[in-house]
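J.: A structural model of the following input is requested.
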Amino acid sequence: MIGIGVNMNYGPVWIDLQSEKVLPQEIPLLRHHNTGGVLLFSKNFTSKQQIIELVQSIRELASKPILVGVDHEGGRIWRFTEGFTRPPTAKVFGELYVRDPNLAVQQLNTAGQIIAYELLNCGIDLTFAPVLDLDHGVSEVIGDRAYHSKADIVTACAKAFIQGLAQRGMGAIGKHFPGHGGCTMDSHFSMTIDERPFAEIASQDLVPFKQLSNVLTGVMPAHVIYSAADPLPAGFSKYWLQYILRNQIKFNGAIISDCLSMQGSGFTGKMVEGAELALLAGCDMVIATQQTREYLLHVLNNLNWEMTILQTERIVKLAGNFSKNNAVLQPAGFQVA
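T.: Numbers count the residues shown, from 1 in each chain. As a prediction, this is how the structure comes out:
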């Protein structure tokens, strides 16, 4: 692998911040050669102007290329409040699509544009959306975050949303590959196993990922074990990431692990090992958040990974195209009732 200069390129790790400003002990984390992104949460937000200033501070203090992202799916997964326009949950759009596909597509395009417009105006590169999981009626953690139970409706809805993001200069991260909607357990809090036959997953859950592979900038794999295919969670599985996602689906964008602190990863308290396994399996970046600053520095210091040119090229494409977001957009209401 080809080594990358310490202060010249993105590292493979997404980190978080503890509060609404960068703490002194977090400056070395931002500047670390293994850091590639900062994931913002509700704990980092007090106002829109404060977020703008925080992002500016992150970039100035990092003194190197760094991504800034947030989970703004709409509905219940939303980190910033005042000053931001929250679209309805994905299920509402899916139900609208059944009644009026044209209106749903228009509204989803608008939702994508509004989210991108507001985040890019704050200097934020991307949102980790859309959810491409199918709603099989058993997963509470996915539930109304999914557009629908049918793959063709999920694909159509997500495509419209992705196009809205792209019109404003923002990429899209499809999650949670190859599909989290068939699990009753929540991978945030437990090891999660999907025992369905591979053929069922391939004919249903994989469809949106296949159909949208050419418009997704990134994919986030699930911390779920699909026992019919591999004993490892998908985010640590060469079978899922290299054989299925890269070789079969032909996805060429970035692969970003879900957070290593989740119980479903199996690496809580062993983030260095988890990060290395995920990267070796095929991830380009990993998320390491919700840790003490001391432990996070330990992870960064002990992760032995050199980015390849190809990985860097994929990560660069995650950066927001801020110049494309120049036309003023007036947030509008959503006609989804």
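J.: tell me, what residue is most central in the protein?
T.: Phe128 (3.1 Å; CA atoms, centre = their mean).
J.: okay, it and Ser203: tell me how far apart.
T.: Phe128 sits 26 Å away from Ser203, going by CB to CB, to the nearest Å. All C-beta spots, glycine's among them, are computed from the backbone N, C-alpha and C.
J.: same question for Gln50.
T.: Taken as CB to CB, the span from Gln50 to Ser203 is 47 Å.
J.: tell me which of these two has more neighbours.
T.: Shown here are Gln50 and Ser203; by other CB atoms under 10 Å, Gln50 has more neighbours (16 against 11).
J.: so which strand or helix has that one?
T.: Taking DSSP states H and E as the definition, one finds Gln50 inside helix 48-62.
J.: put the alpha carbons of that helix into PDB.
T.: The C-alpha coordinates for helix 48-62 follow below in PDB (Å, rounded to 0.1, in the frame of the first residue of the first chain):
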ATOM      1  CA  LYS A  48     -27.300  27.300  13.700                       C
ATOM      2  CA  GLN A  49     -24.700  30.000  14.100                       C
ATOM      3  CA  GLN A  50     -22.900  28.000  16.700                       C
ATOM      4  CA  ILE A  51     -22.800  25.000  14.300                       C
ATOM      5  CA  ILE A  52     -21.300  27.200  11.600                       C
ATOM      6  CA  GLU A  53     -18.700  28.400  14.000                       C
ATOM      7  CA  LEU A  54     -18.000  24.900  15.300                       C
ATOM      8  CA  VAL A  55     -17.400  23.500  11.800                       C
ATOM      9  CA  GLN A  56     -15.100  26.500  10.900                       C
ATOM     10  CA  SER A  57     -13.200  25.800  14.100                       C
ATOM     11  CA  ILE A  58     -12.900  22.100  13.300                       C
ATOM     12  CA  ARG A  59     -11.400  22.800   9.900                       C
ATOM     13  CA  GLU A  60      -9.100  25.500  11.100                       C
ATOM     14  CA  LEU A  61      -7.800  23.400  14.000                       C
ATOM     15  CA  ALA A  62      -7.400  20.200  12.000                       C
END
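J.: next secondary structure element downstream of it?
T.: strand 67-70.
J.: which outside residues touch that next one?
T.: For strand 67-70, the external contacting residues (CB atoms under 8 Å, 6 or more residues apart in numbering) are 10, 14, 36-41, 55, 58-59, 79-80, 119, 123-128, 315, 318-319.
J.: packing partners for the helix or strand of the chain with the lowest mean pLDDT?
T.: Taking mean pLDDT, DSSP states H and E as the measure, the helix or strand of the chain with the lowest value is strand 193-194, at a mean of 90. Using 3 or more CB pairs under 8 Å, 6 or more residues apart in numbering; DSSP states H and E as the contact test, the elements touching strand 193-194 are strand 225-226.
J.: tell me the mean pLDDT for the next helix or strand after the strand it packs on?
T.: Next along the chain after strand 225-226, taking DSSP H and E as the criterion, comes helix 238. The average pLDDT for helix 238 rounds to 97.
J.: how about stretch 216-234?
T.: The model assigns stretch 216-234 a mean pLDDT of 95.
J.: next: stretch 138-147.
T.: 90.
J.: ends of it, what's the gap?
T.: Start-to-end span of stretch 138-147 (CA to CA, to the nearest Å) is 14 Å.
J.: any buried residues in that stretch, and which?
T.: Buried residues in stretch 138-147, counting neighbours by 16 or more other CB atoms under 10 Å, are found at Ser139, Val141, Ile142, Gly143, Asp144, Arg145, Ala146, Tyr147.
J.: now the second one: how far from Thr184?
T.: By that I understand Val141. For Val141, the distance to Thr184 (CB to CB) stands at 9 Å.
J.: right, and Lys21 touches Ser57 too?
T.: Yes - with contact defined as CB atoms under 8 Å, Lys21 reaches Ser57; the gap is 7.0 Å.
J.: in the protein, where is pLDDT below threshold?
T.: 1-8, 185-190, 262-269, 330-337 (pLDDT under 70).
J.: quick one: the strands in the stretch 151-300 of the chain, in order.
T.: For the stretch 151-300 of the chain, applying DSSP state E, counting those that start in this stretch gives strands covering 173-177, 193-194, 218-221, 225-226, 254-259, 285-287.
J.: please tell me how far the fifth one is from the chain's geometric centre.
T.: Same thing as strand 254-259. Put simply, strand 254-259 sits 7 Å off its chain's centre (CA atoms, centre = their mean, to the nearest Å).
J.: which residues in this structure form helices?
T.: Counting by DSSP state H, the segments of the chain that form helices are 27-31, 48-62, 90-99, 101-120, 151-168, 198-203, 207-211, 238, 271-281, 293-302, 309-316.
J.: okay if I get those as TSV plus distance to Thr192?
T.: Formatted as TSV, these follow (distance: least, CB to CB, whole Å):
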stretch	distance to Thr192
helix 27-31	29
helix 48-62	32
helix 90-99	20
helix 101-120	28
helix 151-168	20
helix 198-203	14
helix 207-211	18
helix 238	19
helix 271-281	15
helix 293-302	23
helix 309-316	27
